[in-house]
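Structure for this input, please:
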Amino acid sequence: MKIDFSQKAYQRLEALAEYIYQQSGSKKTTVSYVKKLRQYIIETLNHFPQAGRPSEELAPNTRKLVYQGFSIIYRISDERIEILTIYRENLY
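Numbering: from 1, shown residues only. You can find the predicted model right below:
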């Protein structure tokens, strides 16, 4: 199944990268963390699309997957999985 990141999800990844860089001061740490997050999303949802819990309170037909305190909101359709947004409660 194809996994697509929405424009908002990409914007959130960029904001997350900026935050990590501000906190760590390390480009290597920032790149590594964002890469691991993306890998986790892609590998988990490729093998287990239903891994996230239903998240109807956020939007219709969505699921929520969590990675190290970050919530990944996604929607499954017949042909693809769309990552709608990524956030951390205390960050945004």
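
hey, where'd the helices end up in this protein?
All helices of the chain, identified by DSSP state H, fall at 7-24, 27-47.

Low-confidence ranges, this protein, go.
90-92 (pLDDT under 70).

how near is S24 to Q11?
20 Å (Cβ to Cβ, to the nearest Å). Quick note: C-beta positions are derived from backbone N, CA and C, even for glycine.

Isn't K8 up against L84?
Yes - taking Cβ atoms under 8 Å as the definition, K8 is a contact partner of L84 at 6.6 Å.

between these two, which one's more packed in?
L84 (19 against 14; other Cβ atoms under 10 Å).

Against A9, how distant is that one?
6 Å.

swap in A51?
A51 is 17 Å from A9, where distance means Cβ to Cβ.

and if you look at V66?
Using Cβ to Cβ, V66 is found at 15 Å from A9.

repeat for I41
9 Å.

Looking at these two, which is more packed in?
A direct count of neighbours by other Cβ under 10 Å for I41 and A9 places I41 higher, at 23 against 20.

What about the nearest residue to the more buried one once chain neighbours are set aside, how many residues nearby?
The shortest distance from I41 to any non-neighbouring residue, by Cβ to Cβ, 6 or more residues apart in numbering, is to I72 (5.7 Å). For I72, the count of nearby residues is 24 (other Cβ under 10 Å).
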